[in-house]
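In: Structure for the following, please:
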Amino acid sequence: MKILKKPHLVGIDLGSSSFKLVQFFQQEYRLVLQKVEIREVGEKKEEALKELLHGIDPTRSRFFVTLNSSQTAVRVLAVPEMPSKELRQALLSQGKDYFPFSANRPLFDLEILGPVDEKGIRKLRVALAVSPGSRVDEALEIFKKRGVIPSVFLPLPCALHRLAARQEGKENLTRCLLDIGENFTELVIVRGKTLLFSRKVPVAGKDFTTAMTGTLVSDRGRIALAFDEAEKIKCEVGIPVAEAESESELIHGKISTSQIASMLQSPLEQLVSEINRCFDYYREETEGEKVELLELYGRGAGLHGLAHSLSEELGIKVKVGDPLEGLRIEREQGTSWKNLAPFAGAIGAALGGTRGINLVPDEIKAQARRLVRRATVQSFLAAGVLLLAFFYIGMRIQLGNYEKRTEVAKLERSSLWLELEKVSAQSVAHQVLADEPYWEEIFREWGHAVPDTAILNQIGFKNNKVTLLGTLQGEGRERVLSDFVRNLDAGLFKDVRIVGTRDQPGQALSEFELSLEIG
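Out: As a prediction, this is how the structure comes out:
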């Protein structure tokens, strides 16, 4: 019998100019990408979110959201080793000292990334995140109007890190993930699953468009493009490569490709300069380690010629990133999504789970936990009712069989034998019913004991013994399973034993089998 959990994972990237959404479906031990959509925001944020969420059932979905603003940022720190509780208190109380701006009513959270050796001294690498409380409140409000309580709010760099941590085949590669939005660009350096560096770069897609709105003087007179017209030409032409400049052509009868290349040179040089500054700082901090690959994400990643230009200037390999590369994810049949680079933040958020940095206020987290516990109990009660219903139907069928056999016996036996047969059938049925345990209490007990990361796939009952088959997800599965056994043993059950466990290769997933008796 399946114990239903929310099978849909929804990742949403709340960008400054557009909202991006991806939806995954959990099917057995695989994920299927079902939906990819983007909506321009403008002043209609609620309307954009409403359109994105159309057709998604909030009761069967978990929502993971990335936030971005000028004061939403992540800083990677190396701090002295200390107990995690003390470290958390110290960093959260002094969080404002680590950022070069003063956020409005800042919300802080942190994630301990692991130990690091810094000049012979053992320290802890920590990711510290901040976002204005007003940005979080605004996001909560528009989700609340749609009947949604997000499980996670996290900055875009954290979503990019979680995406990189899931991608296989790049464990020994030091790479830079550059997410270019309209107003903000996020730069993240990772090695395998480890976040090494994060910084907000003050050059973005809007700067390239603005550079094209300057006034030009040519043999055709003075030329000045409106912002919307410059944006259209930028998306159509991009950054003309050097080979094409000698064969300049006129675009829309107004501006030549050589003029476009000249106008875009300034923001390109600024972007290259900022990236080099980050790479230099990283090399100093790591005693000479170099970035081997630059992957472009965000809507700005699709700017024609940008990857080529950056590769030429930086002297490293640059490519438009594919967020699904190295992930064991299937696409729903019939879909034809090609460029998924703008959805890297949404995909990373959806796949990252609930551990680590989460800027959802504590009171909302507590409310979500209560809802999860209530839903779990309701699921077990519903399963218990179904089990009892099936059992009752089975007994009715069994009684019906006895009655049919009794009718046949009327033709062959005397009335006395007929009465004895009926009494025997009723006695057996009553005895079976009398021996059954109180299932309502049992399922209520299971509802309290089953951990959030466990799914019960099958329940067997025979001779007063129960067999539980299920799966565990995430890290620390052995500890979670041991706690589960202890919780069961402390309740209505006795002789609770682990029959066996089996890890799924390449996945943070384990199957388990438990045996227990009803006390």
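
In: just the helices in the stretch 151-300 of the chain please.
Out: 156-166, 205-211, 227-237, 242-245, 257-285 (DSSP state H, counting those that start in this stretch).

In: which secondary structure elements does the last one contact?
Out: With contacts defined as 3 or more CB pairs under 8 Å, 6 or more residues apart in numbering; DSSP states H and E, helix 257-285 has these neighbours: strand 174-180, strand 185-191, strand 194-201, helix 205-211, strand 216-218, helix 227-237, helix 242-245, helix 306-314. Just so you know, the C-beta spots here come from the backbone N, C-alpha and C atoms, and that holds for glycine as well.

In: which of the residues in the fourth one are buried?
Out: Taking 16 or more other CB atoms under 10 Å as the neighbour-count basis, helix 205-211 is seen to contain the buried residues Gly205, Lys206, Asp207, Phe208, Thr209, Ala211.

In: Tabulate the helices of the stretch 151-300 of the chain (TSV), appending mean pLDDT and distance to Glu332.
Out: TSV is the format used below for the helices of the stretch 151-300 of the chain (pLDDT from 0 to 100; distance: least, CB to CB, whole Å):
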stretch	mean pLDDT	distance to Glu332
helix 156-166	95	19
helix 205-211	94	30
helix 227-237	92	28
helix 242-245	51	39
helix 257-285	93	36
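
In: which residue is nearest the middle of this protein?
Out: Ala350 (1.9 Å; CA atoms, centre = their mean).

In: Look up the closest residue to it, ignoring the ones flanking it.
Out: Gly11 (2.9 Å; CB to CB, 6 or more residues apart in numbering).

In: Check Leu53 too.
Out: Counting by CB to CB, 6+ apart, the residue nearest Leu53 is Arg146, at 5.5 Å.

In: Just the element for that neighbour, please.
Out: Using DSSP states H and E, Arg146 is not contained in any helix or strand.

In: Near it, how many other residues are there?
Out: 15 (other CB atoms under 10 Å).

In: Mind pulling the model confidence for it?
Out: Here the pLDDT value assigned to Arg146 is 91.

In: Now for it: which residues touch it?
Out: By CB atoms under 8 Å, 6 or more residues apart in numbering, the residues touching Arg146 are Leu49, Lys50, Leu53, Pro58.

In: okay, and for the protein, where does confidence drop off?
Out: Residue ranges of the chain with pLDDT under 70: 1-5, 218-221, 242-247, 366-384, 386, 390-391, 406, 408-440, 492, 519.

In: quick one on the thing from earlier: Gly42 is nearest to which of the helices of the stretch 151-300 of the chain?
Out: Taking CB to CB, helix 227-237 is the member of these nearest to Gly42, at 12.8 Å.

In: quick one: the closest one to helix 257-285, angle?
Out: Inter-element angle recorded for helix 227-237 and helix 257-285: 80 degrees (by axes from the mean of the first three to the mean of the last three CA atoms, to 10 degrees).

In: circling back: now the residue nearest to the centre of the chain: which helix or strand?
Out: Using DSSP H and E, Ala350 sits in helix 344-351.

In: For Arg299, grab the count of nearby residues.
Out: 22.

In: hang on, it packs against Pro342?
Out: Yes - using CB atoms under 8 Å, Arg299 is in contact with Pro342, at 4.6 Å.

In: on that earlier part again, can I get the helices and strands packed on helix 257-285 in a markdown table including distance to Val499?
Out: A markdown table is the format used below for those (distance: least, CB to CB, whole Å):
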| stretch | distance to Val499 |
| --- | --- |
| strand 174-180 | 44 |
| strand 185-191 | 40 |
| strand 194-201 | 37 |
| helix 205-211 | 57 |
| strand 216-218 | 77 |
| helix 227-237 | 60 |
| helix 242-245 | 68 |
| helix 306-314 | 54 |
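
In: quick one: which of those is nearest Asp97?
Out: Asp97 lies closest, by CB to CB, to one member of the helices and strands packed on helix 257-285: strand 194-201, at 17.0 Å.

In: what are the C-alpha coordinates of stretch 259-271, in PDB please?
Out: Provided in PDB are the C-alpha atoms of stretch 259-271 (Å, rounded to 0.1, in the frame of the first residue of the first chain):
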ATOM      1  CA  GLN A 259      28.700  50.300 -34.500                       C
ATOM      2  CA  ILE A 260      26.900  47.700 -32.200                       C
ATOM      3  CA  ALA A 261      30.200  46.100 -31.400                       C
ATOM      4  CA  SER A 262      31.700  49.400 -30.600                       C
ATOM      5  CA  MET A 263      28.900  50.400 -28.300                       C
ATOM      6  CA  LEU A 264      28.900  47.100 -26.500                       C
ATOM      7  CA  GLN A 265      32.600  47.200 -25.900                       C
ATOM      8  CA  SER A 266      32.400  49.200 -22.700                       C
ATOM      9  CA  PRO A 267      30.000  47.000 -20.700                       C
ATOM     10  CA  LEU A 268      31.800  43.900 -22.100                       C
ATOM     11  CA  GLU A 269      35.100  45.300 -20.700                       C
ATOM     12  CA  GLN A 270      33.500  46.100 -17.400                       C
ATOM     13  CA  LEU A 271      32.100  42.600 -17.100                       C
END
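
In: Am I right that Gln23 sits in a helix?
Out: No - read with DSSP: H, G, I helix; E, B strand; the rest coil, Gln23 is strand and lies in no helix.

In: List the contacts of it.
Out: Counting by CB under 8 Å, 6+ apart, Gln23 has contacts His8, Leu9, Val10, Gly11, Leu33, Gln34, Lys35, Val36, Ile56, Ser61, Ala350.

In: Let's see that with 10 Å instead.
Out: Shown in contact with Gln23 (CB atoms under 10 Å, 6 or more residues apart in numbering): 8-12, 32-37, 52-53, 55-56, 61, 63, 332, 346, 350.

In: Quick check: beta-bridge partners of it?
Out: Using DSSP bridges, the bridge partners assigned to Gln23 are Val10, Lys35.

In: Begin at 418, not 1, for the rest of this chat.
Out: Got it, first residue is 418 now, which makes that one Gln440.

In: Mutual contacts of Arg716 and Pro759, please.
Out: Counting by CB under 10 Å, 6+ apart, the contacts common to Arg716 and Pro759 are Gly432, Ser435, Lys437, Ile455, Asp596, Ile597, Gly598.

In: The third one contacts Leu469, doesn't it?
Out: Yes - look at Lys437 against Leu469 with CB atoms under 10 Å: they come within range, at 8.3 Å.

In: what's the burial count for the nearest residue to Arg447 once chain neighbours are set aside?
Out: Leaving aside its sequence neighbours, Arg447 sits nearest to Glu747 (CB to CB, 6+ apart; 6.3 Å). Counted by other CB under 10 Å, the residues lying close to Glu747 total 14.

In: Now do the same for Glu747: helix, strand or coil?
Out: Applying three-state DSSP: Glu747 is strand.
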